[in-house]
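> Provided below for reference: sequence and predicted model.
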Amino acid sequence: MGVAELASRQHAVVSRRQLLALGLSKDGIAHRVRTGRLHPLHPGVYVVGHRLLLRHSLHMAAVLACEGGILSHRSAAALHGLLGTPAGPVNVMVARGGGHRFRGIRVP
């Protein structure tokens, strides 16, 4: 699987860890950022090929940024069509002591 195929399965976002697992080097990732093929969204999370983000892209990026996290609360309900799109940060649940805090993500 290549970067484009992975991105197409994940609403156009990928993590640095995934890119390294696909065989890209740190320099290769940096080159793709410089040339506009990857756009940083959160530390270690990139939008592939463009900057257009849909709500699902933001959900996926939040989950990737909080390694081992899952979409939760109002964000998960909206993803499953149970609520309208909530305003504010994306809610992600992480295991005790896990995850990080980033702009636009709330870890309850």
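Structure received. Model, not experiment: these values are computed from the prediction.
> use CA for all of it now, contacts and neighbours both
Fine.
> Tell me how far Leu64 lies from Leu24.
Distance check for Leu64 against Leu24: by CA to CA, to the nearest Å, it reads 18 Å.
> okay, the two: which has more neighbours?
Taking neighbours as other CA atoms under 10 Å, Leu64 and Leu24 compare with Leu64 leading, 26 against 15.
> That one and Pro43 touch, don't they?
No - contact criterion CA atoms under 8 Å: Leu64 and Pro43 do not qualify, at 9.9 Å.
> Where does pLDDT dip in the protein?
Scanning the chain with the threshold set as pLDDT under 70 gives 96-101.
> Mind naming the longest helix for this structure?
The longest helix of the chain (DSSP state H) is helix 55-65.
> which residues sit against it?
Around helix 55-65, the neighbours that count as contacts under CA atoms under 8 Å, 6 or more residues apart in numbering are 10-15, 41-46, 69-71, 75, 79, 90, 92, 99-100, 102, 105.
> and whichever helix or strand comes after that helix, how far out from the chain's middle?
Following helix 55-65 in sequence order, the next helix or strand is strand 70-71 (DSSP states H and E). In terms of CA atoms, centre = their mean, to the nearest Å, the centre of strand 70-71 is set 11 Å apart from its chain centre.
> Many thanks, we can stop here.
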